[in-house]
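> Mind looking at a prediction? Sequence and model below.
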Amino acid sequence: MKDLLKDPTLLRTQAYINGAWVDSDSGETFPVHNPATQEVIAEVASIGAAETRRAIEAAEVAQKPWAALSAMERSAVLRKWNDLILENVEDLAIIMTQEQGKVLAESRGEIVYAASFIEWFAEEGKRVYGDVFPLPQGSSRGIAIKQPVGVVAAVTPWNFPSAMLTRKCGPALAVGCAMVAKPAHETPLSMLALAELADRAGLPAGLLSVVPGAHAKPIGDEMCSNPIVRKFTFTGSTRIGKMLTAQCAETMKRVSMELGGNAPVIVFDDADPAKAAAGAAASKYRNSGQTCICANRILVQEGIYDEFVDELKKVVGGFKIGDGMDETSTHGPVITRKALEDIKSMVDDAVEQGAEIAAGGQFGEGGEQFIQPTILCNVTKDMRVFKEEIFGPVAPIFKFKTEEEAIAMANDTEFGLAAYLFTKDQGRTWRVSEGIEYGMVGVNETLISSTYIPFGGVKESGQGREGSSYGVDDYLEIKYICIGDLDS
Ligand code: NAP
């Protein structure tokens, strides 16, 4: 891949621990595949528990002097990092497309989005304020100050390999924490390239270590059990998130969990069918359906159902599936052949129970990892596509009659991350937005993510919020100080 990059030194394959690039103690490496070609594009150091422990210990040493700097001094380093990321968008996008598969345009978008968390929190770190409380004793004053939680461990998924790091380390570093981060084994190169740029920006050694590995468990066990780690932040599946939360309970760590979703898109009769279809498609098929806030269940009121399906077919008909490096591709492959098989099995389950394939339905001819964007009609709540996160480019379109039924269907899931509705009725906008149990609601809009909003879910989609001014709270402790005897 090096020959594709303007700056080949951004392609790092060792771990970054305490400001140094290192191999694993065992010498073990693991392969990284290009999902479009299935070729091995790099061999990366496979880190274990001992190296993770060293990274955590180095973070503890680095964190105290970093926290003692002014927020303005920390901000200056972070802004430099942001600038370097933006200067290298093209190379970083190529690295991402090569290991993750998303098309170059989406990779460029993610890099800019990733940088925006560094830039935003570099500023927001300057606005961490405290409080003064009136006390019953006139000679005392109560004060609350906010301090960094300390050493943070982070684990991220493969679908947004850069932004899921910066959404965590942006606020953490800005308020004076240090971080040890583990990327997904499918996509370690993007995080390692960001670490290289952090190093060039002058981030002191130990403040951000990156520990890739073929075996997640020993790294996770060390992060969750080590008492130096005061906070654990995770983005990934609900199953793994629950397990890691339980592990963190042993040392009472602060925990943030950004987990899976089962997003409904509710389209009411009064909506514009073409706009609703365009919005639903943008949400459903982005990153080939592999985002936690992707439309998972499209619920359409009966009066507009057929028209909506026709409009969605038109949108899907304009897609071109192919290698993300080809600028004419609109959608890339899915992450692994196993992911493709899982998605296919959900479609097979639906078809066996009577669903009709209205578009697409081709899955990875010749062992490839491409799925034709698929639309399923005649689907019911008994099918797996209603209950499970599909995580692929398959849109099941359910029918409903009344607003109450739509709300009940939307809430009929253990997940509660993002939901969307299309309607022109203001009263309905409020009733439905307030009636559905989700952390985020898009009304006549499905592109809802940005740095400036509190991203996060309820129910089994997790806890905590990332982004916006709320995003710093997860990395701060509140300390109450009572100052007495002020009369003397
Ligand atoms: P996953 O299997 O849960 O993996 C996520 C991360 O957890 C990976 O880095 C994985 O490492 C690691 N991991 C697995 N077992 C571990 C252990 N015992 N200790 C420590 N780390 C461990 O999820 P995924 O399939 O990669 O990602 C897709 C999921 O993420 C979906 O459910 C999606 O909805 C969710 N997601 C949520 C958000 C959000 O903000 N709510 C955003 C993006 C994605 P390995 O790769 O090495 O196994």
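Received the coordinates, thanks.
> what's near enough to touch the residue of the stretch 201-350 of the chain found nearest the ligand?
Scanning the stretch 201-350 of the chain for proximity to the ligand using Cβ to the nearest ligand atom identifies residue 220 as nearest, at 2.0 Å. Any C-beta I mention is one placed from the backbone N, CA and C, and that applies to glycine too. Counting by Cβ atoms under 8 Å, 6 or more residues apart in numbering, residue 220 touches 155, 182, 244, 247.
> In a helix, it, correct?
Yes - per DSSP: H, G, I helix; E, B strand; the rest coil, residue 220 lies within a helix segment.
> Quick check: residue 50 vs residue 431, distance?
To residue 431, residue 50 is 56 Å away according to Cβ to Cβ, to the nearest Å.
> which stretches of the stretch 301-450 of the chain form strands?
Taking DSSP state E, counting those that start in this stretch as the criterion, the stretch 301-450 of the chain carries its strands at 356-359, 374-377, 394-400, 418-422, 440-443.
> Please work out which of those strands is packed deepest.
Across these, averaging neighbours per residue (mean count of other Cβ atoms under 10 Å) puts strand 418-422 on top, at a mean of 28.
> Pull that strand out as PDB, backbone CA atoms only.
C-alpha atoms of strand 418-422 as PDB (Å, rounded to 0.1, in the frame of the first residue of the first chain):
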ATOM      1  CA  ALA A 418     -31.200   6.500  16.800                       C
ATOM      2  CA  ALA A 419     -34.600   6.800  15.200                       C
ATOM      3  CA  TYR A 420     -36.000   8.800  12.300                       C
ATOM      4  CA  LEU A 421     -39.400  10.000  11.200                       C
ATOM      5  CA  PHE A 422     -40.700  11.700   8.100                       C
END
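> Check which helices and strands the helix or strand hosting residue 199 sits against.
In the assignment (DSSP states H and E), residue 199 maps to helix 188-201. On a contact count with 3 or more Cβ pairs under 8 Å, 6 or more residues apart in numbering; DSSP states H and E, helix 188-201 meets strand 15-17, strand 40-45, helix 71-87, helix 89-100, helix 163-174, strand 208-210.
> Looking at those, which is nearest to the ligand?
helix 163-174 (6.0 Å).
> now the next helix or strand after that closest one and helix 163-174, what's the angle there?
Per DSSP H and E, the first helix or strand lying C-terminal to helix 163-174 is strand 178-182. Taking axes from the mean of the first three to the mean of the last three Cα atoms, to 10 degrees, one finds strand 178-182 and helix 163-174 inclined to each other by 160 degrees.
> ok, how many other residues are close to the nearest residue to residue 325 once chain neighbours are set aside?
The shortest distance from residue 325 to any non-neighbouring residue, by Cβ to Cβ, 6 or more residues apart in numbering, is to residue 97 (5.8 Å). Residue 97 is flanked by 28 other residues according to other Cβ atoms under 10 Å.
> wait, residue 97 sits on residue 329?
No - look at residue 97 against residue 329 with Cβ atoms under 8 Å: they stay out of range, at 9.8 Å.
> which residues are in contact with both of these two?
residue 103.
> Now distance to the ligand too, for the strands of the stretch 301-450 of the chain, in CSV please.
Formatted as CSV, the strands of the stretch 301-450 of the chain follow (distance: least, Cβ to the nearest ligand atom, whole Å):
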stretch, distance to the ligand
strand 356-359, 24
strand 374-377, 19
strand 394-400, 15
strand 418-422, 9
strand 440-443, 10
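> picking up where we left off before, the residue nearest to residue 325: what's it in contact with?
Applying Cβ under 8 Å, 6+ apart, the residues near residue 97 are 103-104, 107, 324-325, 332.
> I'd like the average pLDDT over stretch 403-418.
Mean pLDDT, stretch 403-418: 98.
> Please disregard the earlier target; I meant stretch 169-179.
pLDDT averaged over stretch 169-179 gives 98.
> Please identify the most buried of the helices and strands packed on helix 188-201.
Among those, ranked by average contacts under mean count of other Cβ under 10 Å, first place goes to helix 163-174 (a mean of 30).
> Select, from the contacts of residue 220, the two members most distant in space.
Farthest pair in these (Cβ to Cβ) is 182 and 247. Separation: 13.9 Å.
> between those two, who's got more neighbours?
Neighbours per residue, other Cβ under 10 Å: of residue 182 and residue 247, the larger number sits with residue 182, 27 against 17.
> in the sheet, who's paired with that one?
Bridge pairing for residue 182 (DSSP bridges) gives the partners residue 155.
> List the contacts of it.
Residue 182 touches 52, 153-156, 210-213, 216, 219-220, 223, counting by Cβ under 8 Å, 6+ apart.
> likewise residue 173?
Residue 173 neighbours (Cβ under 8 Å, 6+ apart): 66, 74, 78, 121, 179, 203, 207-208.
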